[in-house]
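A.B. asks: Generate coordinates for the sequence data below:
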Amino acid sequence: MTEWITVKHATQNNLKDVTVKIPKKQMTIVTGLSGSGKSSLVFDTLAAESRRELNETFPSFLQHYLPKYGRPEVEQITDLPVAIVIDQKKLSENARSTVGTYTDVYTFLRLLFSRVGKPFIGYSDTFSFNHPAGKCPTCDGLGAITTIDVHKLIDFNKSLNEDPIDFPTFHTGFWRWKRYANSGLFDLDKKIKDYSKEELALFLSSPRIKLKNPPRDWPHTALYEGVIPRMERSIIHKDEGKRHQKQLDRFVTRKVCPDCHGTRVNEKVRSCKIHGKSIADLVTLPLDELLTFCQTIHDELAVDIKRELNKRLQALITIGLSYLTLARGTGTLSGGEAQRIKIAKYINSALTDLLYVLDEPSAGLHPKDIDRFKAALFALKAQGNTVVLVEHHPQLIEAADYIIDIGPGSGDAGGAVQFAGPYTEFLTSHTITSQLLHQKIPVKKNVRHATEQLKLVDVQINNLKNISVEVPLGVMTVLCGVAGSGKSSLGEAIRQQAIAEGRALIHISQKSIGINLRSTPLTYLDIFGKIRNLFAKENHVSAAYFSYNSKGACPHCHGKGVIVSDMSFMEDIVTQCEVCHGQRYAKEVLQYHYHGKTIVDVLNLTVTECNRFFAEEAFAKQLQALVDVGLGYLHLNQALTTLSGGELQRLKLASQLHKTGSIYLLDEPTDGLHLEDIQQLLKLFNRMVDHGSSLILLEHHTSVIKQADWLIELGAEGGTKGGKILFTGTPQALLKSDDSITRPYLFN
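C.D. replies: Residues are numbered from 1 along each chain as shown. I've put the predicted structure just below:
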């Protein structure tokens, strides 16, 4: 008899009084258009309530240190298991975090070498590149050394009062600058070039020291540190360095450590071997080759360790990550790879009757990888768990036990359950999604012909094996292949070649666009100021009155729209501001109108409505670009933190649409998109090419592959088994080839 999780009267975000059941110990897919309300139901209601109630089981003083999950807008949820959310957030970019350390495989390798490695050099910690006994002293266990050109970072012709350090947070008046200005060690008006030898050494390279008799305004517990070691310790190897990568690139050079050759460990560790290989050798092997090597070890002391290693490695291989190496930095993994690594950690878990919630796990996966990935999902379900996916991909929809389709449209036009039931019934349900599943995108016959070529010769980036290829321009080209086959590496080679030839290239990658809670479509496209100026001109007042971050802010909530009450050890209570009722603006601002609307009225418009309202303004073109990429349903004041990865990707594309004649290099633009969104995006892509642009897409979705003018397929597998050109030509030519990777999926 099937047990059910029951959600009653959910109104979170755009959900319209949703009541729905989800079968326990089965795999359910929640689908629907982008922005229809899928995440609102699964993550913001189901998972949020589970996490909130779990946290409430802990003592109140512990709750203070746990993540805060607000109470979702839902009347009741019954029979709700503990939820484990496996999202696509990238893993830590800490330079010391690798695939090996994150998955614990490296921990067991260290134990293995301490037991059976010859000669014996010490216990498990000795083999860690994060431990003093094991790390390379030259690079401090990082595998690479950085060199700072101080003359590019610091202007020696300036004094400390003249802003000599050209890096954010080190500028005059900023908090890092104050460590030097308030140290009492330097004359703030003295040119750095005039410092004595001792002063220069203190300023540039002093290790962390406690000051003797520091000035009164020096923090009591602070340590003084020179600019170079401070830059290396707190910025270059930390997340802050990633945020300021362009500035760092001006004065920092990186190269492989000359002593450990990038292995991170010292010579003593490298001398200990098993069957002629050190731990440094093993972490560079693809995971499938590492598993094969481990199976050749027959020492009795290794039996238990081998079992744990085999279990973890097999889980990673099953989930389609056989091409990765343990040495790979976690910060270099894509969102999809990060999600799969997280799933692999749970495949071997002894826990049961959990609710696993996944966010579009097909992202970044070739159809062949998805077939492999399904086995991992079935394994989670077979352990007695409930698996719920927010997903669009037909391959995974077909594999589900139960389908919930949210819609019918996006934003305010969505938020209702269109269908809930098994897959066989879903196919005849006549929802937008089910109807699109019946439509077969044809393989393109009448392809465009290249206007010129971008020639790449003997490319050797990452796993690319001396490949030479001609990339056609003036057409839509798709780079395809399984995960890890070398698509991103080839994309980078194309980018470098285009720049070297002086061509106009727009690269829209999967990297974050730097959003925060106050970021909205208005701020991202930089048109909020223009709208404020229209209101100011119309009403003859300062434009600052129409900013909720300035003079126009509600005096009670300071423009936030909510009041956060700190309940000490209890969860913070967030309530709508009783003065502005969540509108963020002071009452007097609402007396000003522009064409009959207040600033609040305008900000509540959707992009499509705003485009019509401001049709005569120059910035209407930017709003039209959002409509063209399928984001017309977004509200102008919608926080970008609420957008999915696919929505953010299209937002980036919209900001660059006006550059006709350029080469557009797009990294998996269909990520997170519904079948209807993909069809709309294909129309846009074809229009862009017809208007003179060249499109080069790194893409897996067969709908896009079928509609390309030219295909370049890499493979055959990932990692060292990839990096080769398997096919170049038209989609029709691929159909007639003997290709065994992508070709079989074009018939679906």
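A.B. asks: how about the strands in the stretch 251-400 of the chain?
C.D. replies: 252-256, 273-274, 277-278, 355-359, 386-390 (DSSP state E, counting those that start in this stretch).
A.B. asks: Quick check: pLDDT value at residue 721.
C.D. replies: At residue 721, the model reports a pLDDT of 83.
A.B. asks: Same check on the one 3 residues further on?
C.D. replies: Residue 724 carries a pLDDT score of 92 in this model.
A.B. asks: who are the neighbours in contact with it?
C.D. replies: Contacts for residue 724 (Cβ atoms under 8 Å, 6 or more residues apart in numbering) come out as 465, 467, 486, 714, 715, 716. Glycine gets a C-beta too; all of them are placed from N, C-alpha and C.
A.B. asks: Just the buried residues of those residues.
C.D. replies: 467, 486, 714, 715, 716 (16 or more other Cβ atoms under 10 Å).
A.B. asks: Does the third one lie in a helix or a strand, and which?
C.D. replies: Per DSSP states H and E, residue 714 falls inside strand 710-715.
A.B. asks: Of the buried ones among the contacts of residue 724, which pair is most distant in space?
C.D. replies: Distance extremes for the buried ones among the contacts of residue 724: the farthest pair is 467 and 716 at 13.6 Å, using Cβ to Cβ.
A.B. asks: And the spatially closest residue to residue 275 that is not a sequence neighbour, how close does it get to residue 116?
C.D. replies: Of all residues not flanking residue 275 in the chain, residue 296 sits nearest, at 6.4 Å (Cβ to Cβ, 6 or more residues apart in numbering). Residue 296 is 12 Å from residue 116, where distance means Cβ to Cβ, to the nearest Å.
A.B. asks: So for the two, which residue has more residues nearby?
C.D. replies: residue 116 (19 against 8; other Cβ atoms under 10 Å).
A.B. asks: That one contacts residue 273, correct?
C.D. replies: No. In terms of Cβ atoms under 8 Å, residue 116 does not count as a neighbour of residue 273; the distance is 10.1 Å.
A.B. asks: want to throw the strands of the stretch 251-400 of the chain into CSV with mean neighbour count?
C.D. replies: Below are those laid out as CSV (neighbours: other Cβ atoms under 10 Å):
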stretch, mean neighbour count
strand 252-256, 13
strand 273-274, 19
strand 277-278, 16
strand 355-359, 23
strand 386-390, 24
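A.B. asks: how about the ones you listed, which one is nearest residue 67?
C.D. replies: Closest of the strands of the stretch 251-400 of the chain to residue 67 is strand 355-359, at 15.1 Å (criterion: Cβ to Cβ).
A.B. asks: export the closest one as PDB, just CAs?
C.D. replies: Taking C-alpha atoms only, strand 355-359 is exported to PDB below (Å, rounded to 0.1, in the frame of the first residue of the first chain):
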ATOM      1  CA  LEU A 355      13.400  12.500   1.400                       C
ATOM      2  CA  TYR A 356      16.100  13.300  -1.100                       C
ATOM      3  CA  VAL A 357      15.300  16.500  -3.100                       C
ATOM      4  CA  LEU A 358      17.400  17.200  -6.200                       C
ATOM      5  CA  ASP A 359      17.500  20.400  -8.300                       C
END
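A.B. asks: distance of residue 604 from residue 491?
C.D. replies: 39 Å.
A.B. asks: out of those two, which sits in the busier spot?
C.D. replies: Neighbours per residue, other Cβ under 10 Å: of residue 604 and residue 491, the larger number sits with residue 491, 20 against 16.
A.B. asks: looking at it, the more buried one is touching residue 480, isn't it?
C.D. replies: No. Residue 491 is beyond contact range of residue 480, at 11.7 Å (criterion: Cβ under 8 Å).
A.B. asks: anything in contact with each of those two?
C.D. replies: By Cβ under 8 Å, 6+ apart, no residue touches both residue 491 and residue 480.
A.B. asks: Which of the buried ones among the contacts of residue 724 sits closest to residue 373?
C.D. replies: Out of the buried ones among the contacts of residue 724, the member with the shortest distance to residue 373 (by Cβ to Cβ) is residue 715, at 17.3 Å.
A.B. asks: can you pull the contacts of that closest one?
C.D. replies: 481, 482, 485, 722, 724, 726, 741.
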